[in-house]
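Participant: Below is the sequence, then the predicted model.
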Amino acid sequence: MAKIYSVKQKINWVLVLLILFSAFTVRFFRLDKVPASLFYDEIDLGYQVRSLLSTGKDYRNTASPFFFRSMNTDKTPFPIYFSAIPSLLFKSPAYQVRAGAALAGVISLVLAMILAYQLTGKKLASLVTGLVFSFSPWQIQFSRIAFEAIFMQMVFLASISTFLFWRAFKKPWLFFLSAILLGLNVYTYRIMSLFAPLTVLLLFATSFKEIIKECWLKVSIWFFLIGVMIFPFLYSTTIASVDQPRINQISIFSDPMIPITVQRHREVDSNDYANPQIGKHPVLFSYFFHNKVVSYMAAFGTNYYKNFSTEFLFLKGDPNGRHSPDKTGVLLSIDIIGLVAGLVFVIKNLKDKKFQLLLALLFLAPIPSDLTVDGATHASRLMIMSGPLLIIVSLGYASIISLLAKEKKYWLGIPLLFLTWLLVVVFYFDQYFIHYPIESSRQFGYGYKEAINIILEVKNQYKKVRLTGSNDPPMLYYLYWSNTSPKAVQNYGVEFGETTIKGEPLDFVKPIYFSEKQCEPKEIEKLDAQTIYLATYGNLPLDFRNSKDKVPTGVKLIDVIKYPDNEVAYYLITRDTKNGVSVMPSKASECK
């Protein structure tokens, strides 16, 4: 028996190592190519890391443990601190930026495996959870881009797991560590400012008997540690912040359309909409049916429903191309089997407080996202929901496998289920690794790196650089890809307006917003022969690939930057000259 047990142990460890190897491979393979480029938020994180390592401050010259100040908002600090050390292991700028997120994705998987074992006490459930997390589209998506979501999930799972360890072993240090981790959640992603306190209340409610058995001093210290962690961050990023808190911009309570909609509906009720001569005096029942409270509740309810819709979970995912490949759910399509089986399994075991906690976390997790205007299918803000959801999916698969294994005549169902699941994974990989880099390149700011590299090669021939702001704010891209020292930005500031001249090297480059197309004669005349201009196809709607269109007279084409699908991303242009004199444009517009 001892030998059999030893063999089983070795097999389990081999499987664990295979799962971890798979997770590392999927998250680090071609990390610099898929997605195709670093998006603005990733560049921001990367430049903050560079600033932290070289100056000890953020690039706006602020030193605070509670936030990093970026161009126009305060950033949560944990993703930046966590990404600092992995960034030192790579030469590739993309790997430097994304390695922290990829590592956080692997750690999240390990924590999910531990949680599954804590819930069930079964190694099978833990192994299946590892497999599901390894190849989940939701997990892969945010483990390969340097957004805050995956860091939030890692800390969140760690805090829940630590608390469950305390419940099992009643060690004081685990109790206090769980408090620190629960407080640390707010430093990962702004939505945790709401969900972290909610999680504390949920843990207290589901473990009330265990907590009150502790002496009042320990419980007081537990709450004190949570408060000490949370409140300095909330104060620093709201009341004491010089920037408008992001939540004020995206909250459903700030949606300008809701008051307008309420007014329109009241006009219809009172017939003002059809006959303005009546006068705008809503009938009494309008105040009951059409008011801001009802509208906010309806908006929240609609968002909440969409969180669990098959369209979001299994068919289309997030419509934002940065958050989900086209026509791909945040879960694998076959995961609907695991989800249904998992919900049945959890409900059957609902007497256990741990499963009550799991189900409560699933249904409460979307609340912070649903309080935002576009939160219904916002896979990043909903990332906190993916942890309990995927664990339930995993428990469902594990329960199906256990059921099939008990009946010898059904054992063939296990390899059939696995092969079907594997086939779905392969199709997803084709979509993600082959099609997605091409299809999502525009959403990820592709072209800035390529354009800036060309600018750096020829910039000594020019006195100024002007970068279009038609797509993303361009200055941070320039600062990062040109390897501009964060110290130089700290000294210069982040105001790069045309009139901001400080006698420093950064005066050389500014953003520009073209008011007209650069193929109009009057606009061509405004171009300076000593300036490089980065323009989009929208700024200059002519196709210079393979000489399909003629370059307008008076414009000199430096280079064409193309998207991976060979469409025009940007043009680098300047004013054309002949013998040192600017060539005059044609009198007629050469725009299409």
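Facilitator: Happy to help now that I have it.
Participant: Quick check: can you list the domain ranges of the protein?
Facilitator: For the chain, automatic domain parsing gives the domain ranges 14-243+302-439, 249-290, 448-582.
Participant: And Thr120, how far from Asp352?
Facilitator: 10 Å (Cβ to Cβ, to the nearest Å). Where C-beta positions appear, they are placed from N, C-alpha and C, glycine not excepted.
Participant: next one: Asp543
Facilitator: On the measure of Cβ to Cβ, Asp543 and Asp352 end up 64 Å apart.
Participant: sorry, back to before: neighbour count for Thr120 and Asp352, which is higher?
Facilitator: The residue with more neighbours, out of Thr120 and Asp352, is Thr120; 22 against 13, by other Cβ atoms under 10 Å.
Participant: Could you name the specific helix or strand carrying the closest residue to that one other than its chain neighbours?
Facilitator: In this structure, Thr120 finds its nearest non-sequential neighbour in Leu395, 6.8 Å apart by Cβ to Cβ, 6 or more residues apart in numbering. Per DSSP states H and E: Leu395 is located in helix 383-406.
Participant: from the middle of its chain, how far away would that helix be?
Facilitator: How far helix 383-406 lies from its chain's middle: 25 Å, per Cα atoms, centre = their mean, to the nearest Å.
Participant: What average pLDDT does it get?
Facilitator: Computed over helix 383-406, the mean pLDDT rounds to 96.
Participant: tell me which residues of that helix are tucked away?
Facilitator: Of the residues in helix 383-406, 383-401, 404 count as buried by neighbour count, 16 or more other Cβ atoms under 10 Å.
Participant: pull the CA atoms of it into CSV?
Facilitator: The C-alpha coordinates for helix 383-406 follow below in CSV (Å, rounded to 0.1, in the frame of the first residue of the first chain):
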residue,chain,number,x,y,z
MET,A,383,-11.6,40.0,-13.4
ILE,A,384,-12.4,39.6,-9.6
MET,A,385,-15.4,37.5,-10.7
SER,A,386,-13.2,35.1,-12.8
GLY,A,387,-11.6,33.5,-9.7
PRO,A,388,-14.7,32.1,-8.0
LEU,A,389,-16.3,31.4,-11.4
LEU,A,390,-13.4,29.3,-12.8
ILE,A,391,-13.1,27.5,-9.5
ILE,A,392,-16.8,26.5,-9.8
VAL,A,393,-16.2,25.4,-13.4
SER,A,394,-13.2,23.3,-12.2
LEU,A,395,-15.2,21.7,-9.4
GLY,A,396,-17.9,20.9,-11.9
TYR,A,397,-15.4,19.1,-14.2
ALA,A,398,-13.9,17.3,-11.2
SER,A,399,-17.3,16.1,-10.1
ILE,A,400,-18.1,14.8,-13.6
ILE,A,401,-14.7,13.0,-13.7
SER,A,402,-15.4,11.4,-10.3
LEU,A,403,-18.8,10.3,-11.4
LEU,A,404,-17.6,8.7,-14.6
ALA,A,405,-14.7,7.0,-12.8
LYS,A,406,-17.1,5.3,-10.4
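Participant: which helices and strands does the helix or strand just after it pack with?
Facilitator: Counting by DSSP H and E, the element after helix 383-406 in chain order, helix or strand, is helix 413-429. Packing partners of helix 413-429 (3 or more Cβ pairs under 8 Å, 6 or more residues apart in numbering; DSSP states H and E): helix 383-406.
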